[in-house]
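Asks: Kindly generate the corresponding structure for this input.
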Amino acid sequence: MENKTNIQTVVVTGATSGIGFAVTKLLVQKGAYVIGVGRSEQRNRTAQERILTEYPSGRIDYFRADLAEPKMIKRLATDIRHSLNVKGYSHLDALINNAGVYLEKKQSNTEGIEKTFAINHLAQFQLTHDLLLLLARSKLGKMISVSSYAHFTTPLNPGRIADPWPYIGLLAYKRSKLCNVLFVRGLNNRTNQIIGFAADPGLVNTHIASKSGEGISDWVWSHRRKSGMSPETAAEDLVFILTSKDLDPSTGQYIKERKPLQPSRNARNDDLVERLWALSCELTGLSWG
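Replies: Below is the predicted model of the structure:
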């Protein structure tokens with residue numbers, strides 16, 4: 001399949017449905033070798049079959065990982081490095097940290113960390129760290145964190161985010177999306193080896209708030225999402241960020257509708273950036289100065 005962009009290799013998390021599946025399919029269609037990540041082996045197989053049915057010569061592999069669990073993320077990074085090596089690649093052009101959850105009821109991973117924070121932020125932090133050398137070897141070298149406008153008007157106390165009480169699903173989600181923007185700022189403050197962007201896709205018609213079961217969030221979201229854009233439209237915006245040569249993180253790291261947008265005041269608070277970074281290193285056991 002002819003490569004219609006300069007993108008050769010991409011990893012996409014949350015790649016079995018919604019925005020993740022749409023951007024995975026679009027990148028395969030454009031000729032990239034894509035590694036999709038999903039939590040379910042069956043859903044991974046189904047997603048891969050759907051893409052290959054439409055693009056028989058497409059290059060796509062899926063790996064299973066529960067991104068709530070640090071040990072599985074470490075294994076995932078090893079699998080990704082091995083797969084790229086087998087395919088003849090010594091670099092990774094882009095990592096799209098798309099996987100995210102909205103949980104109406106509090107859940108914790110095996111280490112006692114609340115899962116919204118673990119999946120929506122810590123997994124991005126750890127996977128980016130573990131794939132950093134591969135990204136740095138690419139002339140493109142981009143990391144996209146799929147965030148949300150929900151991060152606005154959201155306070156953050158790093159000392160309580162790993163085990164919040166009382167737990168309110170919407171606030172946990174909003175705080176995790178603020179963490180995404182803070183992480184991108186911290187990443188770009190620390191390295192010029194790769195470029196990080198926080199992408200705000202806007203309201204998208206996906207099932208994100210319905211995956212944790214029936215409840216008030218499911219009912220509200222099932223009506224609200226109908227006015228959102230398609231996942232395919234959101235996917236095109238993500239590919240624009242990957243391929244654009246005009247987006248400069250020094251003038252804007254938070255992208256909405258293909259243009260830099262100033263994020264919230266909290267998202268620009270470098271003290272908060274550093275406190276979250278230190279906490280993330282502590283919780284993941286990483287030394288990433």
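
Asks: the helices in this protein, which residues?
Replies: Ranges of helices in the chain, per DSSP state H, are 18-29, 41-54, 70-86, 115-117, 123-130, 132-136, 169-190, 216-224, 231-243, 270-284.

Asks: With mean pLDDT as new columns, can the ones you listed be given to me in CSV?
Replies: Output for those, formatted as CSV (pLDDT from 0 to 100):
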stretch, mean pLDDT
helix 18-29, 97
helix 41-54, 98
helix 70-86, 98
helix 115-117, 98
helix 123-130, 98
helix 132-136, 98
helix 169-190, 97
helix 216-224, 45
helix 231-243, 95
helix 270-284, 98
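
Asks: got those as JSON lines, with distance to Met143 columns?
Replies: Yep, even glycine has a C-beta here, placed from its N, CA and C like the rest. Formatted as JSON lines, these follow (distance: least, CB to CB, whole Å):
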{"stretch": "helix 18-29", "distance to Met143": "14"}
{"stretch": "helix 41-54", "distance to Met143": "22"}
{"stretch": "helix 70-86", "distance to Met143": "14"}
{"stretch": "helix 115-117", "distance to Met143": "19"}
{"stretch": "helix 123-130", "distance to Met143": "5"}
{"stretch": "helix 132-136", "distance to Met143": "7"}
{"stretch": "helix 169-190", "distance to Met143": "7"}
{"stretch": "helix 216-224", "distance to Met143": "28"}
{"stretch": "helix 231-243", "distance to Met143": "10"}
{"stretch": "helix 270-284", "distance to Met143": "15"}
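
Asks: Out of these, which gets nearest to Pro249?
Replies: Of all the helices of the chain, helix 169-190 sits nearest to Pro249, with 5.1 Å by CB to CB.

Asks: tell me what the closest one is packed against?
Replies: Counting contacts by 3 or more CB pairs under 8 Å, 6 or more residues apart in numbering; DSSP states H and E, helix 169-190 packs against helix 115-117, helix 123-130, strand 142-146, strand 195-200, helix 270-284.

Asks: Pull out the buried residues from that helix.
Replies: Across helix 169-190, burial judged by 16 or more other CB atoms under 10 Å covers 169, 172-188.

Asks: Can you say which of the helices and strands packed on helix 169-190 is nearest to Thr9?
Replies: Closest to Thr9 of the helices and strands packed on helix 169-190 is strand 142-146 (CB to CB; 11.5 Å).

Asks: Can you give the distance of the closest one from its chain's centre?
Replies: Offset of strand 142-146 from its chain centre (CA atoms, centre = their mean, to the nearest Å): 6 Å.

Asks: Not counting its own residues, what contacts it?
Replies: For strand 142-146, contacts defined as CB atoms under 8 Å, 6 or more residues apart in numbering pick out 19, 93-98, 100, 124, 128, 135, 180-181, 183-184, 187, 194-199, 201, 238, 241-242.

Asks: So for the most centrally placed residue in the chain, what's the pLDDT?
Replies: In the chain, the centroid-proximal residue (CA atoms, centre = their mean) is Asn97; its distance is 1.8 Å. The model reports Asn97 with a pLDDT of 98.

Asks: Kindly report the same for Ser212.
Replies: 51.

Asks: Same check on Pro166?
Replies: With respect to pLDDT, Pro166 has a value of 94.

Asks: how many neighbours does the closest residue to Ala65 other than its chain neighbours have?
Replies: Nearest residue to Ala65, sequence neighbours excluded (CB to CB, 6 or more residues apart in numbering): Leu76, at 4.1 Å. Using other CB atoms under 10 Å, Leu76 is surrounded by 25 other residues.
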